[in-house]
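Visitor: coords please:
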Amino acid sequence: MKRIRLSIGSWGYCFGPYKDNPVPFDMVIEKLGKLGFDGVELGGFPPHPHPAEFDTKKKRAELKKKVAGCGLEFSGLAADLWSCPIIPQPDDSKWMSTFEANLEFACDLGIDCVRVDTVSPPDVFEKQKIDPKVGWERLVKTFRAAAAKAADRGVRVVWEFEPGFAFNKPSEIARLVDDVGHRNFRLLFDTCHAHMCAVAAARQPGTKETLPGGAFELLTRLRGKVGHVHLIDSDGTLHNDETRTLPSARACWSSTSSSPKCSVRDCRPTGGPSTSASGQMPGKSPQTPRSSSTGWHRSTRPPRPPASARRSPKGDPMPNELRIGMVGYGFMGRAHSNAYHRVNQFFDTAYQPVLKAIAARDQEKTKKFADRWGWERVERNWHKLVEAADIDAIDICSPNNTHHEIALAAAGRRKNREAQYGLVQLPPRPRDQPGEAND
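Guide: Got it, this is the predicted structure:
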């Protein structure tokens, strides 16, 4: 398993106690490097670097080199899309062109993750007389198109839900990802925002919606939907409609995990000539900035060009995708789903498993299983999996007496197949035809 790395969001030094005297980006990366951080998540808006300021590839290459000179990498981009609200506008062309400019900016800097928001406040529907269904459809359409564009460039899109923006109820958070329906669109799970949405029901319009298990229950419900993590210390309240963070929490992340594997540790420095005991910039407020911590981790990879042409924004070769179709959702179905998510944490493999489709008879239970484990779609019978052009391998987790027929059909389609056998012996079967594939 890869070592845990640490990153922090640069925008935290532009807001809150730093609003009137923001810390220059050069100082941020210099101090983060000295404090032993591994990365910085870029707030791509003034006064920190943004596409309009760094408007040439030469300038962007110099910026990337400067960050690397401090011993850091970029862990993500918080794109400035707030001037282009999606919900009130029938035409999303302004938002999309701004997103594309930020996508190009991210690729030039070697950033493989771009954050988006719903932008409008929770009361936008009441104040601007907009049907929530219309606003929802506009978001789904725009986010789906953005996810597809970013996937072509090898960049992930993550939506940061929070109490200050529209659609902040737990059920809405999960459903928006499902309705967008693109596996390059995932959630940015901020632990402070999760608490405010699942426990405090902060700024939720209409009937309040909370979860008995709080933020942890929300995270459990969002399994398979999270693509990026922010770990935050918070006092659990709103201050002037904003969340407030507390000192000393930072995020830990694994660069190759396919599900969040984060923990909070105290990263306050032991002291030194250029830092205070709380890890803040010298001469600045001792408070920790709002939403300043970021968890840097990879989710399931988006669709890519052919393997020979695939490169990450950093220039590294990408693993080949192995698109899985699974039959059955029982105990072994759970075990195999879990293994697909974790295999690249344990082994350096040539393939990245993609949980493409699952088939079983009980559609309701299968849909719940797919949502929990991150399968992209549900089929009513296994024949659909075998015939599907977008599936490379069939994983047979159904009862033993079904293995023979499914394995033969998969072999006939020249698909890889794996059958999970139980601890019993079955009587030998005669070969159905000459040259039949072995079970």
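
Visitor: ranges for the strands of the stretch 101-250 of the chain?
Guide: Secondary structure of the stretch 101-250 of the chain (DSSP state E, counting those that start in this stretch): strands located at 113-116, 156-160, 185-190, 226-230, 234-239, 242-245, 249-254.

Visitor: Return the helix or strand in this structure with minimum mean pLDDT.
Guide: Lowest on mean pLDDT, DSSP states H and E among the helices and strands of the chain sits strand 265-266, with a mean of 28.

Visitor: quick revisit: of the strands of the stretch 101-250 of the chain, which shows the lowest average pLDDT?
Guide: Note on the strands of the stretch 101-250 of the chain: lowest mean pLDDT is at strand 249-254, with a mean of 34.

Visitor: Name the helix or strand for Glu405, please.
Guide: For Glu405, the element it lies in under DSSP states H and E is helix 403-412.

Visitor: number of nearby residues for Gly16?
Guide: 19 (other C-beta atoms under 10 Å). C-beta coordinates here come from the backbone N, C-alpha and C atoms, glycine included.

Visitor: Domain map for this protein?
Guide: Using automatic domain parsing, the domains assigned to the chain come out as 4-294, 319-419.

Visitor: and Trp95, how many neighbours?
Guide: By the criterion of other C-beta under 10 Å, Trp95 has 21 neighbours.

Visitor: My understanding was that it contacts Leu81; is that so?
Guide: Yes. With contacts counted by C-beta atoms under 8 Å, Trp95 reaches Leu81, the gap being 6.3 Å.

Visitor: I figured Ala148 was touching Asn184, is that so?
Guide: Yes. Contact criterion C-beta under 8 Å: Ala148 and Asn184 qualify, at 7.1 Å.

Visitor: out of these two, which sits in the busier spot?
Guide: Per other C-beta under 10 Å, whichever of Ala148 and Asn184 has more neighbours is Asn184, with 25 against 15.

Visitor: didn't the more buried one look like it was pressed against Lys149?
Guide: No. The pair Asn184 / Lys149 is not scored as a contact, 9.3 Å apart, by C-beta under 8 Å.

Visitor: I'd say Ala166 and Pro121 touch.
Guide: Yes. Applying C-beta under 8 Å, one finds Ala166 in contact with Pro121, separated by 6.7 Å.

Visitor: neighbour count winner among these two?
Guide: Neighbours per residue (other C-beta under 10 Å) separate Ala166 from Pro121, with Ala166 holding more: 25 against 19.

Visitor: list the contacts for the more buried one?
Guide: 87, 118-122, 124-125, 135 (C-beta atoms under 8 Å, 6 or more residues apart in numbering).

Visitor: Determine which two of these are furthest apart.
Guide: With C-beta to C-beta as the measure, no two of the contacts of Ala166 lie farther apart than Val119 and Phe125, at 13.4 Å.
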